[in-house]
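# based on what follows, work out the 3D shape:
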Amino acid sequence: MRNIKLTIAYDGAPFHGWQFQPGVPTIQGALNDAAGTIAQEKIVVHGASRTDAGVHALGQVAHFRTHSPLDAAEFQRALNAILPPAIRIVSAEEVGPDFHARWLSQAKTYRYRIFRGRVLSPFDYRRALHFPWPLDEAAMAIGALQFEGEHDFTSFAASSGSEDDDRDRRMTRVLHSSEMIRESDSEIVYLVRGRSFLRYMVRKIVGTLLEVGKGRLLPEEIPQLFEARDRARSGPTVPPEGLYLVSIEYPDPTDSLAGFSSRQHADPR
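Residues are numbered from 1 along each chain as shown. From the prediction side, this is the model:
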């Protein structure tokens with residue numbers, strides 16, 4: 001049994017998220033079908049991040065196990081030949097049997113695009129949030145820094161739909177960096193890096209920072225939202241189309257955790 005690691009880029013707009021769902025197009029479903037056709041066996045592709053419907057990826061990482069004699073490069077060529085054009089295999093490599101894309105990830109980086117120009121290009125439709133109205137970007141940058149470090153993110157996470165599950169969930173997360181960046185004359189970007197994220201967490205953080213930009217919330221009031229542990233107190237959940245999974249990091253081969261995986265750094269653009 002061989003273990004194949006994939007780095008994947010995709011336009012999430014045509015799909016109902018990463019995770020397989022019967023009867024609707026998903027990233028995992030398309031990969032399972034394509035890899036199974038190539039290997040002539042049932043394949044389950046395990047992703048590092050279960051991106052939601054409409055969310056994009058530049059460096060999603062996944063793996064699958066197979067008895068096929070095809071090497072990783074052959075799988076990459078074959079997958080790109082039969083997958084829909086909205087999904088591309090950026091790289092493929094054979095890794096050790098213990099590699100798991102989700103459980104061994106050490107950090108993930110996300111970015112959220114906010115287009116500030118008057119007219120959104122049709123080529124950015126469903127790829128950025130269009131917000132042409134006034135914003136205090138300096139206040140937003142100060143507010144973004146408030147999210148760095150270890151916090152209880154209950155106020156910034158969607159409900160799982162089950163009161164029991166919500167009560168048992170660990171809501172503390174650590175963000176290594178959180179910043180609002182002026183990317184160009186017409187675009188600002190929220191860039192965040194952390195070990196793991198709760199559902200809708202990045203999108204609710206961005207919604208809260210937009211409230212700061214509109215003057216409805218002061219940057220120094222954000223710590224009060226952590227203490228409140230009330231998702232109704234944070235900003236709205238912004239649409240998914242501006243969100244991108246940029247990259248996922250793994251242990252170096254010299255680390256004691258693994259001799260089977262190299263650190264994954266995807267080009268952010």
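# where do the helices sit along the protein?
Taking DSSP state H as the test, the helices found in the chain are 27-39, 72-82, 137-145, 163-168, 201-213, 222-228.
# can you get me a residue count around His56?
Counted with other C-beta atoms under 10 Å, the neighbours of His56 add up to 24. Yep, even glycine has a C-beta here, placed from its N, CA and C like the rest.
# tell me what it is bridged to.
Tyr244 (DSSP bridges).
# surely it and Arg127 touch.
Yes - His56 sits in contact with Arg127 when judged by C-beta atoms under 8 Å, with a separation of 6.9 Å.
# find the residues that touch each one of those two.
Residues touching both His56 and Arg127 (C-beta atoms under 8 Å, 6 or more residues apart in numbering) are 11, 13, 241.
# contacting residues for the last one?
So that's Glu241. Counted by C-beta under 8 Å, 6+ apart, Glu241 has contacts 12-13, 54, 56, 126-129.
# could you pull up the residues touching Ile43?
32, 35-36, 64, 66.
# from Met1, how far off is it?
Distance, Ile43 to Met1, using C-beta to C-beta, to the nearest Å: 12 Å.
# where do the contact lists of these two overlap?
Residues touching both Ile43 and Met1 (C-beta under 8 Å, 6+ apart): Thr66.
# neighbour-wise, which one of the contacts of Glu241 leads?
Per-residue neighbour counts (other C-beta under 10 Å) across these peak at Gly12, which has 27 neighbours.
# Leu175 touches Gln146, doesn't it?
No - the pair Leu175 / Gln146 is not scored as a contact, 10.1 Å apart, by C-beta under 8 Å.
# distance check, the residue with the largest distance to the centre of the chain against Ala39.
The centre of the chain is farthest from one residue, Pro69, which by C-alpha atoms, centre = their mean lies 31.7 Å away. If you measure Pro69 against Ala39 using C-beta to C-beta, the figure is 9 Å.
# and for Ser159?
38 Å.
# among the two, which residue is more densely surrounded?
Ala39 (20 against 12).
# ok, now which ones touch that one?
66-68, 70.
# hang on, isn't Thr109 packed against Val202?
No - here Thr109 does not reach Val202: they are 10.4 Å apart, not a contact under C-beta under 8 Å.
# now list whatever residues contact both of these two.
With C-beta under 8 Å, 6+ apart as the test, Thr109 and Val202 both reach Val192.
# between these two, which one's more packed in?
Neighbour count, other C-beta under 10 Å: between Thr109 and Val202, Val202 has more, with 29 against 21.
# ok, now which ones touch that one?
Neighbour list for Val202: 110, 112, 190, 192, 243 [criterion: C-beta under 8 Å, 6+ apart].
# distance check, Ser91 against Ile8.
9 Å.
# higher neighbour count, these two?
Between Ser91 and Ile8, Ile8 has the larger neighbour count (other C-beta under 10 Å), namely 26 against 15.
# contact partners for the more buried one?
Counting by C-beta under 8 Å, 6+ apart, Ile8 makes contact with 27, 31, 47, 57, 59-62, 87-90.
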